[in-house]
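1. Need a 3D model of the sequence below.
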Amino acid sequence: MKQVFAVILVLGLASCGTPTDVETPTTETSESQEGVTSAEIPETTEQQNEQDSDAAIAPENDPEKLDIVGDVIETPEMGRLELIKILDVNETFTTGPFTITITKIGVTQFQPSDVVKPAVNGRDEVTLVSIGMKVENTSPDTLSIYPDQGTIVVGQEQQQANLLFSEQVGGSFIGEVIKEGTVAFVIDTSPEDVAGIKYVVSAPSNAQFMSVGEELTLEFEIP
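-> Sure thing, here's the model as predicted:
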């Protein structure tokens, strides 16, 4: 179950990350070998050093990443996921003191394993719509908003967020806090028929449960 959760999250967060800095190798090894001729250093050691250097600068190859249409992940524990559509959004929306930046929207065909089927009401195949986002409270006050309990409309189908497959990006924000993650929805509409979505987030509120912003209704076309 956690594997499915982790895979879905990658869709939303991939565009938010930055490359990890690569540290420059130190010269301790060279200094410790001072006075030793090249003939005394086995060729295999030199080759290994070159391989290690290449590995340090090579991009990470993550087998559990769905970021290109047609990417497939399949394991006995979770089942089979295939990315059918993905939309780069990177747009920011404001309600009261909160900003919500939608990073990516992914549409995935999911054939769950027997272990995961109970989480999708026993169905053999469903569509997952995953919305990656960054949520920020720009106020020093403690306020609440719940994009991870939002609603989407796809055609004539309306669904609530699936809390099991979603990361907690809502709740109480104690001052100027940022939360990042993905909100996932299980729908019956086939992934090829998802031409767009309407995503609704309730208005934020304060400690007295008074609204401090407006309800957000966001619409996206997914070609």
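
2. so what strands line up beside the longest strand along the chain?
-> When the chain is parsed with DSSP state E, its longest strand is strand 79-95. According to DSSP bridges, strand 79-95 has the following sheet partners: strand 72-75 (antiparallel), strand 98-112 (antiparallel).

3. Can you give me the buried ones in it?
-> 79, 81, 82, 83, 84, 85, 86, 87, 89, 95 (16 or more other Cβ atoms under 10 Å). C-beta here means a position set from N, CA and C on the backbone, and glycine is covered the same way.

4. Now distance to residue 219 and pLDDT too, for these, in CSV please.
-> As requested, the buried residues of strand 79-95 are exported to CSV (distance: Cβ to Cβ, whole Å; pLDDT from 0 to 100):
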residue, distance to residue 219, pLDDT
79, 31, 92
81, 26, 94
82, 25, 95
83, 22, 96
84, 20, 97
85, 16, 97
86, 17, 96
87, 12, 96
89, 11, 97
95, 15, 98
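
5. Out of those, which comes closest to residue 65?
-> Residue 65 lies nearest to residue 83 out of the buried residues of strand 79-95, by Cβ to Cβ, at 9.7 Å.

6. Contact partners for that closest one?
-> Residues near residue 83 by Cβ atoms under 8 Å, 6 or more residues apart in numbering: 11, 66, 67, 68, 69, 70, 71, 72, 106, 107, 108.

7. which of these count as buried?
-> Buried members of these, counted by 16+ other Cβ under 10 Å: 11, 66, 71, 106, 107, 108.

8. hmm, which two among the residues you listed are most spread apart?
-> Every pair of the buried ones among the contacts of residue 83 checked by Cβ to Cβ; the farthest is 71 and 107, at 12.3 Å.

9. pLDDT weak spots in this protein?
-> Applying pLDDT under 70 to the chain picks out residues 1-64.
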